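K.L.:
here is a sequence together with a model predicted from it:
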Amino acid sequence: MVPGARLIVLGKQGAGKGTQCVRLSHHYVIPHISTGDMLRAAVKASTALGREARAYLESGGLIPDEIVLQMVGERLDQDDTRSRGFVLDGFPRTVLQADGLADLLAPAELDLALNLVVPTELVLLRLASRRVCDDCGAIYSTLAPPKVGSTCDVCGGEVLQRDDDTEAAIKTRLDLYDEMTAPLIEWYNAAGRLVEVDGVGTAEEVFDRLVDVVDSHQHGGDFTPPLATG
Ligand code: AMP
């Protein structure tokens, strides 16, 4: 059986977190937990959480920590994450969220925080060309569009530009990343969990680098087996 893992992927918007987390999730057979996807789904379904989150998502602002922590806490409490682990995408985004995550996991610990390093000029280009399926969240770009028009190859949904991939919201999100999320890199470094991975290259090249890093830590006995069960 493929061993599970508890991973988080850090990196600026457009660093490739979503694409790589889907691949890591399939490779290690672990749930992909994207707080952005969960929040967008809540907005679309107009749940109480979605109604609260909508304005933050549209402006590119951060949802209050306590709301996100409760949402993630409920997800981490499910059987699949308890038995196999997870790859977290877009969470934590603040030091308070990282502290909250450590509390949610205790006595277990995170295995690795993978920081995808990509220069800002490149993320700006990637964000401008990014297109996303409105139904399943599959990621495309104007350079690698769906096979047929704007119809998602995976689920047949409509492939669109994200509402927050506008110039103003991108600026807000990158500024917030520097202010609120970049300090997490030092936080995980101090905790001995951080690995920086070069995020420049094709999706396959970056994925191979990530797998090399995860496998070498897993085989080196750095992970905290066994994963908690039930
Ligand atoms: P993403 O898809 O990760 O870029 O997230 C899209 C938007 O969802 C962000 O710009 C925030 O408004 C919100 N969001 C996602 N994850 C978080 C989080 N961990 N903390 C606060 N807000 C979040």
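P.N.:
Sure, I can see it. On a predicted model such as this, the values are computed, not experimentally measured, just so you know.

K.L.:
the helix or strand hosting residue 209 - what's its average pLDDT?
P.N.:
Under the criterion of DSSP states H and E, residue 209 resides in helix 203-219. Across helix 203-219, the average pLDDT comes to 94.

K.L.:
same question, stretch 85-94
P.N.:
96.

K.L.:
element containing the closest residue to the ligand within the chain, please.
P.N.:
Of all residues in the chain, residue 36 sits closest to the ligand, at 2.0 Å by Cβ to the nearest ligand atom. Every residue, glycine included, has its C-beta placed from N, CA and C. Per DSSP H and E: residue 36 is located in helix 35-44.

K.L.:
next SSE downstream of that helix?
P.N.:
Assignment by DSSP H and E places the next element after helix 35-44 at helix 48-59.

K.L.:
run the chain-centre distance for that following helix.
P.N.:
18 Å (Cα atoms, centre = their mean, to the nearest Å).

K.L.:
what does this structure have sitting close to the ligand?
P.N.:
13, 35-36, 39, 56-57, 60-63, 68, 90-91, 93, 97, 164, 173 (Cβ under 6 Å from any ligand atom).

K.L.:
among those residues, name the buried ones.
P.N.:
With burial judged by 16 or more other Cβ atoms under 10 Å, the buried subset of the residues of the chain next to the ligand is 13, 35-36, 39, 56-57, 60, 62-63, 68, 90-91, 93, 97, 164, 173.

K.L.:
between those residues, which sits nearest residue 117?
P.N.:
residue 13 (13.7 Å; Cβ to Cβ).

K.L.:
tell me the secondary structure at residue 195.
P.N.:
strand (DSSP: H, G, I helix; E, B strand; the rest coil).

K.L.:
hang on, it packs against residue 117?
P.N.:
No: using Cβ atoms under 8 Å, residue 195 is not in contact with residue 117, being 10.5 Å away.

K.L.:
the residue nearest in space to the middle of the chain: what's it in contact with?
P.N.:
Closest residue to the average C-alpha location of the chain: residue 89 at 1.3 Å, with Cα atoms, centre = their mean. If you count contacts by Cβ atoms under 8 Å, 6 or more residues apart in numbering, residue 89 has them with 9, 17, 18, 21, 32, 33, 34, 35, 36, 37.

K.L.:
10 Å instead?
P.N.:
Neighbouring residues of residue 89 by Cβ atoms under 10 Å, 6 or more residues apart in numbering: 7-11, 17-22, 24-25, 32-37.

K.L.:
look up phi and psi at it.
P.N.:
phi -130, psi 110 (degrees, to the nearest 10).

K.L.:
would you map the helices across this structure?
P.N.:
17-28, 35-44, 48-59, 65-76, 79-84, 95-105, 120-129, 167-176, 183-190, 203-219 (DSSP state H).

K.L.:
where does this structure have low pLDDT?
P.N.:
Scanning the chain for pLDDT under 70 picks out 224-230.

K.L.:
rerun at 80
P.N.:
1-2, 220-230 (pLDDT under 80).

K.L.:
one step back: relative to helix 17-28, how tilted is the helix holding residue 209?
P.N.:
50 degrees (axes from the mean of the first three to the mean of the last three Cα atoms, to 10 degrees).

K.L.:
buried stuff in helix 203-219?
P.N.:
206, 207, 209, 210, 214, 217, 218.

K.L.:
next: stretch 43-54.
P.N.:
43, 49, 50, 53, 54.
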